[in-house]
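[1] Sharing a sequence plus its predicted fold:
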Amino acid sequence: MQILHISAECYPAAKVGGLGDVVGALPKYLNKLGVSAGVLIPKYKTKWIESQSFSPVYQGNTWLHNHNVWFRIEKLESTDLGFPLFVANIPDYFDRPGVYNDPSGYSYGDEIRRFIAFQQAALQWVIQSPGKPKVIHCHDHHVGLIPFMMKYCPEYNWALGNTPSVFTIHNGEYHGAFGWDKLYLLPHFEPYARGILDWKNAITPLAAAIKSSWRVTTVSPSYLEELKQNSKGLESLLIHEQHKSLGIINGIDSAVWNPKTDPFISDGLKRSIAAFKKKNKEALKASYPLDMKLPLVTFIGRLAREKGADLMPDLVHSIMNSGLEVAIAVLGTGDPNLHGSFAHLNHIYQGKFHARLEYNEGLAHQLYAGSDFLLMPSRVEPCGLNQMYSMAYGTLPIVRSVGGLKDTVPDVGEPDGSGRGFRFDEFTVHDVHTAIYRATELYSDKDALNEVREKIMNLDFSWEASASAYNDVYNELLELV
């Protein structure tokens, strides 16, 4: 392997959000470029992982203070993913059905111990591997201590001190910070490096990764600039490290998200886009008891604050009470309080609103194919993949002008004709309501609607360009070794 990606998520083995999609696609497209890349994640007890066969490749032990932790690195026997997938089997730490939370949505509560154990297991394996990777690419704070350990822990830096590290920030909202009272869980490090771990008087993996990595990337150019302005206290650090930082927009896996061949949708795209949309919208009746004669606006994703999900209940009341003729569908899980709110909305707005509180990959594909509009009222959206998925299936995005949404969705009102969807600036019910009203106006003009649909379905959001940009980063770093 030339490039080893280390992450908490990787589709289809374990996915909570866009992180899983990226880590499940980028290595595949790097391999297509001739760059040998693989992935290491923890071995969770997800349905997908439980259904696969793995072969052991390394077995060892690491320490959390005075507790000896046994682990085994295993390789997926199937080659269908397009890249080698490795999992760290760490009993009692990751053999659970959820990635971060239990099936009810509540945190497991021992994330610090779990991921410190995983990160050390990863480095123990890499050191002992006969073919050490040339670059270690880490994703988000869960593995943010790896670049630090590679540089400053004697147990690892003798072998990995000159190995380039790349760190990608997928979501800067989460820093992974914990108190100095947990210092005993970390392996020994050089005393002078204590300040590398510290940010705002806490051990902060995200900050440590930004300081320690050879290169830092974000998942869109706009998000990099936004983090310099608002990253929950890391602004000055990101400005200081901007010389080694780069924003690269994510792609989507065109083999997975293809309206012509997608096995999850009821009707594949043939010749007529209008017929494709109509048939797939009708198929949604089996899952959503809605009036499909109305324009269908859909929200897909985690029911979390950064995704703007907490705005949805008030927005639904505002739209339904205004008399605007629209149907709204929701698919996702998250905040237990929002689960209760959506269950209540299901009852009072029957036929016009329906939420399914579950993670369902197949139904998500059907919603992209059958919906007319996709709503993304995000407070923060580093890149966003949903808007790209929706456009591939002829569903117009309604998005807030932040991060990657700003980079990928010009408004249909742009005079140069580049419009792909509807944008709004402020995180308010009024602004979102207005954007949805504008979308319904376009919906009433079938010729104009189909013209935009055809335009967005011909856009190229594939991973080839993004994978090439990452390969340029790797090559640049390897020239420094």
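    Cool, the structure landed. Numbers count the residues shown, from 1 in each chain.
[2] and residue 147, how many neighbours?
    27 (other CB atoms under 10 Å). Using the backbone N, CA and C atoms, a C-beta is placed for each residue, glycine as well.
[3] List the contacts of it.
    Going by CB atoms under 8 Å, 6 or more residues apart in numbering, residue 147 touches 136, 138, 165, 167, 208-209, 212-214.
[4] ok, now residue 90?
    42-43, 69-71, 114, 117-118, 121.
[5] Which of the residues you listed are buried? Put it as a PyMOL command.
    To isolate the buried ones among the contacts of residue 90 in PyMOL, judged by 16 or more other CB atoms under 10 Å, type:
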select buried, resi 42+43+69+71+114+117+118+121
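[6] Mind checking which of the contacts of residue 90 land in strands?
    Among the contacts of residue 90, the ones falling in strands (DSSP state E) are 42, 69-71.
[7] Same list, these, but as CSV with distance to residue 381 and pLDDT please.
    CSV is the format used below for the ones in strands among the contacts of residue 90 (distance: CB to CB, whole Å; pLDDT from 0 to 100):
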residue, distance to residue 381, pLDDT
42, 26, 98
69, 36, 97
70, 40, 98
71, 35, 98
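[8] Closest one of the contacts of residue 90 to residue 291?
    residue 42 (43.8 Å; CB to CB).
[9] now that closest one, nearest residue through space, not along the chain?
    In space, and not counting its chain neighbours, residue 42 is closest to residue 94: 4.0 Å by CB to CB, 6 or more residues apart in numbering.
[10] so who does the one you found touch?
    Residues near residue 94 by CB under 8 Å, 6+ apart: 42-45, 88, 114, 118.
[11] ok, now residue 381?
    When contacts are counted by CB under 8 Å, 6+ apart, residue 381 is found next to 223, 306-307, 399-400, 402-405.
[12] and if we set it to 7 Å?
    402-405 (CB atoms under 7 Å, 6 or more residues apart in numbering).
[13] do residue 222 as well
    Listed by CB under 7 Å, 6+ apart, the contact partners of residue 222 are 403-404, 406-407.
[14] so how far is the first residue of stretch 3-18 from its last?
    Terminal residues of stretch 3-18 are spaced 20 Å apart (CA to CA, to the nearest Å).
[15] Now it: average pLDDT?
    Averaging pLDDT along stretch 3-18 yields 94.
[16] and for it, what are the contacting residues?
    Defining contact as CB under 7 Å, 6+ apart, one finds that stretch 3-18 is touched by 19-21, 23-24, 27, 30, 35, 37-42, 44, 46, 48-49, 85, 99-100, 122, 126, 133, 135-140, 142-143, 146, 170, 302, 383, 385, 474.
[17] what do you get for stretch 458-476?
    Residues outside stretch 458-476 that contact it (CB under 7 Å, 6+ apart): 3, 25-26, 29-30, 33, 35, 135, 166, 215, 217, 246, 248-254, 388, 391-392.
[18] The longest helix along the chain - contacts with which helices or strands?
    When the chain is parsed with DSSP state H, its longest helix is helix 111-128. Packed against helix 111-128, as judged by 3 or more CB pairs under 7 Å, 6 or more residues apart in numbering; DSSP states H and E, are the following elements: strand 54-64, strand 67-76, strand 85-89, helix 145-152, helix 154-160.
[19] a markdown table for these, including distance to residue 441?
    Below are the helices and strands packed on helix 111-128 laid out as a markdown table (distance: least, CB to CB, whole Å):
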| stretch | distance to residue 441 |
| --- | --- |
| strand 54-64 | 53 |
| strand 67-76 | 49 |
| strand 85-89 | 46 |
| helix 145-152 | 50 |
| helix 154-160 | 57 |
